[in-house]
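[1] with the sequence up front, the predicted model follows.
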Amino acid sequence: MAWQPELVRRIDAAGNPAASLGHALVDDYLEFVAARCRPNTLLATAYDLKVFFSVVSKEPTEVVTADIFAFITAQKKPRRGTKVVRLEDGEAGLSARTIKRRLASVSGLFGYLMTRDDLAVDRNPVPTGLANRRRSGNRGTPLLRTPRTLPRVLGPREVEEVLGALNTRRDRAMVLAMLLGGLRRCEVLGLRLGDLSPGERQVFISEGKGGHQRLIPISAQFFAVVGDYLDQERPAVEHDRLFVVLRGPTRGRPLSSASSPPRPAPPRPGGGPQSARVVRARGGELPPPSPQPSPPTAPHAPAVRPLQPLPGPNRP
């Protein structure tokens, strides 16, 4: 009988997140991942392995490179019909980035099984690339080619559309943190009152990706909206988490990914009733749109340019 993975999420005795798929070797690897990586990495790895072993119905010790190629072929098949493709790369199946991430999770599993040295696993079935016909040099053909695309920068009109679709000052503050500061969703949800420095126009990220900490300069518009949220919407609570639930039986509890508000609908071409709303900072408003906006030059850089210049030693 073939093994069928079943993803189970739980909290262990120490209060840490854990995941299992119902196989001793795979669960041992997930326990190893949980001990050295962040919770989101654990969940992503568990899901990737679930997808892989749902397609390749074999014991982990029986997987060969041919199974990896079959998995790639299955992932590239159209998922919503042959006539539905992505504008980014024109493909109908999963994107090459998604497949490469899943292969990285599978490769990590077999690297772990090889290092254990107590199993009959002496090679990783996930190839790093395809052999080149030329023997000179060490570089071969990549297993999957991913398109190199630049991030798209939101223009002032699109920012107005997004902010105009939000109903609370809390939601506007959260979106502005992502737009103007380049914060990830988990970083926004983890903000605390002590992380904000309005005088210096900075936000301290204590639990960033990979556990890294950093200081983020951000426009005064964000702090103005946060101030309105604290004065008019945030209930009196005993904890210091910045963003909380505003309604319902869990009112006042820290906002989490499970309770965070839905994403606003993307702006429609040509605008609409919301496009008449102008995003203004205190003492200024959005600059006119640039004919050719420059893309961010760093990962998770702000999606729009700050509305006001940041203070510095050479600025008044």
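    Received, thanks.

[2] correct me, but residue 232 touches residue 169?
    Yes. Between residue 232 and residue 169 there is a contact under Cβ atoms under 8 Å: 6.6 Å. C-beta: built from backbone N, CA, C; applies to glycine.

[3] residue boundaries of the strands in the stretch 51-200 of the chain?
    129-130, 141-142, 196-197 (DSSP state E, counting those that start in this stretch).

[4] list the helices and strands the first one packs on?
    With contacts defined as 3 or more Cβ pairs under 8 Å, 6 or more residues apart in numbering; DSSP states H and E, the secondary structure elements packing on strand 129-130 are strand 141-142.

[5] equivalent analysis for the last one, please.
    Contacts defined by 3+ Cβ pairs under 8 Å, 6+ apart place strand 196-197 against strand 202-205.

[6] residue 232 and residue 169: which is more packed in?
    residue 169 (20 against 10; other Cβ atoms under 10 Å).

[7] ok, the more buried one - contacts?
    Going by Cβ atoms under 8 Å, 6 or more residues apart in numbering, residue 169 touches 225, 228, 229, 232, 233.

[8] check what pLDDT the spatially most central residue of the chain gets.
    Residue closest to the mean C-alpha point of the chain, counted by Cα atoms, centre = their mean, is residue 184 at 6.7 Å. For residue 184, the model assigns a pLDDT of 89.

[9] against residue 190, how distant is it?
    To residue 190, residue 184 is 9 Å away according to Cβ to Cβ, to the nearest Å.

[10] with residue 171 instead?
    17 Å.

[11] and what of residue 110?
    33 Å.

[12] ditto for residue 229
    17 Å.

[13] also residue 5?
    Distance from residue 5 to residue 190, by Cβ to Cβ: 30 Å.

[14] do the same with residue 237
    From residue 237 to residue 190 the distance is 16 Å (Cβ to Cβ).

[15] narrow the contacts of residue 169 to just the buried residues.
    For the contacts of residue 169, a neighbour count by 16 or more other Cβ atoms under 10 Å gives the buried set as 225, 229.
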